[in-house]
Each structure stands twice: as structure tokens, then as C-alpha cells.
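Student: Sequence and predicted model, in that order:
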Amino acid sequence: AGVDDVVLIAALALHRRMTEAELRHALGDRVYDAFAPHGRLLQHDAEDPEGLVHLGVTDHGEDVEINRRAAESDLLVYVNINLVSMDGGHKSVATGLASYRSLRHHHNVRTMRHSRSFMDQHHSELHSANWRMGRLIAASGVKVFQIETTLNNDAFPSQLGFLQKREWEWNGRDRAAYLATTAALRAGSERLNRSVFQSVKAPYAMTGVFAGEVEAVHAATTEAVFRQQLVPVEGQTDVAVYGLPHISPYNVNSIMNPILVMCMGLGYLFNLYRGRPIVREGGVAILCHPTPWAFHPVHHPSYIDFFEEVLAETTDPLEIEKTYEERFATDEWYRHLYRTGHAYHGVHPFYMWYWGAHALEHLGRVIIVGGDPAAVRRLGFMPASTLDDALEMASDVVGRQPTISHLHCPPRTSSACAPPTSPTPTTSPAA
């Protein structure tokens, strides 16, 4: 069509810069080699004053500041994968290409506490803010052509196919594969096992491609996601049990540190609902995860200081936001590591903690089974050695005959960032 001024931008918001190998994996060798050597493959830098442009302020007083190259192009084509209903829509550009100056308006404690839930756009303050910002972006003259895709549930290769099934559906071959896999994992070190997990590639296939105007596209995409993932549940439960995977959106090729364990359990899995959470207000959440006191020093430097310094003083999200956020967000060393290395922005661990703010306010107790006791206590939660012990500890809050729901989430050993299969919670009396 005669268009030769084309660049690709990784819309990373405040996430770490991707490595060459990760970009090649995401784009493929042909695209990478056609763009990267010529300086036409960029990674969004939310701290580059020359690379950002302020487009205005919403009627709620929210600054809208996004990537300059994207804003000043004749056409911005946004491409993503919608793994869950939280993804896509105006949240794509208004978050992925934004600066801290913009993100602070919706990545904060008040917004997270008033989102019911992140998976339900019309009851999510996070989405409301992004929609206001997205509409201002459009009104300022930025033309966005949105492409959203959906995937099937094929999360594991054939040799790990037993992870695709519920345990009572396993045949002899599945049981043998399970026993062999668990035996190998017991023999391996944590570091080796982690590298094995993260080397597994999911053989996903696309189920839909939707393209055009942002809001119309997102409506079609969300309908497809809900059709695939919604599971009806009758009533709420006293105790919810969540088996956490080894990976989250924020530890690709890295370590699932305690803050990310909290975010995955109370930020993501707790919020996998429309209407009401699975666990009742004042109920108990039991998370199952090793929760090591371990951090990736290159990817998560500010996480280390957040865990050692901030959580040692308080776990209250409001107090954390008021007392510590600005210092971490504006720290020049964190900013340098974010801009020149592969570190998350200095404020990122705060956002991970805020992500679970609604759950912290809602729940009467949080227990982690199998975690490092010192790390679990630093998070402000209770450690337990076994699920039986956890249920005994929960009885102080919910009594001796609670209802229990288990969110059956497959252990993700792929690079997926959200539950790839429909969770199947069930409610039954405690044994």
C-alpha cells in the first residue's frame, strides 16, 4: 500500500524489557529479523520524557500520557491475545503504552478495592478508568485499529496431557505419566525444575480473530471468552482452596517470589468471578504453593526491598501506598535498571500488592499450605504444613462444619498468563 514507515512496539507498560530470545519467540524469526536490525522494533519506555506525549486529562482528573511514536502515527494497530475477559479493549493502549503518570490513576488501592471484579468490565473501576482514558485518546485524534484474538484450551503438549484432565478421568497411561513426572520433579533441584517448567510450550490454537473499532471488537472478544470460560456456581462458600501454579504474568523465565504468590492467589484467582466471589465475605482462602523466600535480582530488584523493608513494617495497602509508593516510583536507581536492563519498574511490587487489596479487605483469613513459614508470615498470612492443618486453622474463623470450594486450576507449565481452562469449583461440606 506504499506505507514504509512502520515500527513495532512492545506495549510493556511498567513491565521489564524483553530479551532478544523472548522477542523472537513472540514475533518469530522472520518478523524479528525484518525489524530489529533496522531499529524498527521498540520496547515502550514509560520513563522516557522524549518518548511520551500528554494528550489531556479526563473528566475525572486522570492524566493521559502515552507513547509518542504510537500517538503521532497515522494509524496505531494494536494486536493481542485475550486469555481472560480482563484483557483487551481500551485497557490495551491506555495501560500498555502509558507512563507512571497515567497508570497511577487506576493502579491504586481505591481502584482495586472497588473492582468487582477485574474480569467483569461493567463492575470494574480499573476498566472504567481505562475506558475514560481510551475515549480521550480517540478524541485526541489517535486512530486505533484493534485486533484481538482468542485461544483454545490446549495448554499442554501430549506428554503432559494428563494435566488437561480432571484426576478421576485419568486412564492408565495418564497415571503412569503423572507418577513419572512427579518422581522426576522430586529428584530435581528447584532451579532445574523451574527451567523445565518454563521450557514447555503450549500448543494453543486460535479460536477467533476480531478486528476493527476498539469497543466493538472487545464486545465480541469478551463474548467469546465468556462462552468458553464461565462456569455457574450456586452460592458462596466458607472456605476456598486455590492450588497456585508456578508461573504468573510477572515471572516469565524467573522466580515466583512471595509477592507474586500473593498477587496470583488474591489478585488473580480470587478475582476469577462475575457477580460475587466464590468465598463469602469474612471467609477463608487457602493457597497451596511453596512460596520460597527467593527473588530474581535482575528482574525484581525493587521487589526485594519492598519485601525486606515495606512488608516488615506494614501489610496494609493504604498505608503502603501513602508512605512508600512515591519513593520507590521515583527512585533513580530503579528507574535506571528499568530503562537499561531487564528490571520491573520500581513501583511494580506495589501494584502487585494492590492487586490483592479487594481480597485482603474481603477475607477473614489467608493460609498458605507448603510455603516457607518465614516468607508466609512476612506476607501477613498463616503458614500450614498440610491441607488438614489449614482446615483446622480455618475453623477458628468459619466454625467446624464449613462449606469448602476448590478452584481446580491446572498447574501451568507453559507461558500462559491466565487460566487456560475453565475452572471447575465445587461446593461441599467439610469432611
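Tutor: Done, it's in. Residues are numbered from 1 along each chain as shown.

Student: Next, count neighbours for residue 178.
Tutor: For residue 178, the tally of surrounding residues (other Cβ atoms under 10 Å) stands at 15. No exception for glycine: its C-beta is placed from N, CA and C like everyone else's.

Student: Next, it: secondary structure please.
Tutor: The local conformation at residue 178, judged by DSSP: H, G, I helix; E, B strand; the rest coil, is helix.

Student: pLDDT at the residue lying closest to it once chain neighbours are set aside, what is it?
Tutor: Residue nearest to residue 178 in three dimensions, not counting chain neighbours: residue 162, with 5.3 Å by Cβ to Cβ, 6 or more residues apart in numbering. Looking at residue 162, its pLDDT stands at 90.

Student: same deal with residue 198?
Tutor: 85.

Student: what ranges do the strands span in the stretch 51-200 of the chain?
Tutor: Under the criterion DSSP state E, counting those that start in this stretch, the stretch 51-200 of the chain contains strands at 52-57, 63-67, 76-81, 144-151.

Student: Now do the strands in the stretch 201-350 of the chain.
Tutor: Counting by DSSP E, counting those that start in this stretch, the strands of the stretch 201-350 of the chain are 206-212, 237-243, 279-288.

Student: now the ones you listed as a markdown table including mean pLDDT, distance to residue 408 and mean neighbour count?
Tutor: Listed next are these as a markdown table, based on pLDDT from 0 to 100; distance: least, Cβ to Cβ, whole Å; neighbours: other Cβ atoms under 10 Å:
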| stretch | mean pLDDT | distance to residue 408 | mean neighbour count |
| --- | --- | --- | --- |
| strand 206-212 | 96 | 22 | 14 |
| strand 237-243 | 95 | 8 | 24 |
| strand 279-288 | 97 | 12 | 22 |
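
Student: Out of these, which is closest to residue 14?
Tutor: Comparison of the strands of the stretch 201-350 of the chain against residue 14 by Cβ to Cβ identifies strand 279-288 as nearest, at 25.2 Å.

Student: Give me the angle between the closest one and strand 237-243.
Tutor: If you take axes from the mean of the first three to the mean of the last three Cα atoms, to 10 degrees, strand 279-288 sits at 30 degrees to strand 237-243.

Student: mind checking how far strand 279-288 is from the chain centre?
Tutor: From the chain centre to the centre of strand 279-288 is a distance of 20 Å (Cα atoms, centre = their mean, to the nearest Å).

Student: I'd like to know which of the strands of the stretch 201-350 of the chain is closest to residue 263.
Tutor: Per Cβ to Cβ, nearest to residue 263 of the strands of the stretch 201-350 of the chain: strand 279-288, 11.2 Å.

Student: other SSEs contacting the closest one?
Tutor: Applying 3 or more Cβ pairs under 8 Å, 6 or more residues apart in numbering; DSSP states H and E, we find strand 279-288 packed against strand 237-243, helix 357-362, strand 365-369, helix 387-398.

Student: So what touches it?
Tutor: Applying Cβ atoms under 8 Å, 6 or more residues apart in numbering, the contact partners of strand 279-288 are 236-244, 261, 265-266, 270, 359, 362-371, 381, 384, 387, 390-391, 394, 397-398, 402, 405.

Student: now stretch 293-301
Tutor: 16, 251, 254-255, 257-258, 303-304, 307, 334, 337, 341-344, 349, 372, 374-375, 378.

Student: any idea of the mean pLDDT for that stretch?
Tutor: Stretch 293-301 carries an average pLDDT of 97.

Student: Tell me who's in contact with the spatially closest residue to residue 14 that is not a sequence neighbour.
Tutor: Of all residues not flanking residue 14 in the chain, residue 345 sits nearest, at 3.6 Å (Cβ to Cβ, 6+ apart). The neighbours of residue 345, taking Cβ under 8 Å, 6+ apart as the test, are 14, 15, 46, 47, 100, 302, 329, 334, 335, 338.

Student: mind listing which of these are in helices?
Tutor: Among those, the ones falling in helices (DSSP state H) are 100, 302, 329, 334, 335, 338.

Student: which two from these end up farthest apart in space?
Tutor: 100 and 302 (12.8 Å).

Student: okay, the two: which has more neighbours?
Tutor: Using other Cβ under 10 Å as the criterion, residue 100 and residue 302 rank with residue 302 on top: 24 against 18.

Student: from what I can see the more buried one touches residue 351, true?
Tutor: No. If you go by Cβ atoms under 8 Å, residue 302 and residue 351 don't touch, sitting 10.9 Å apart.
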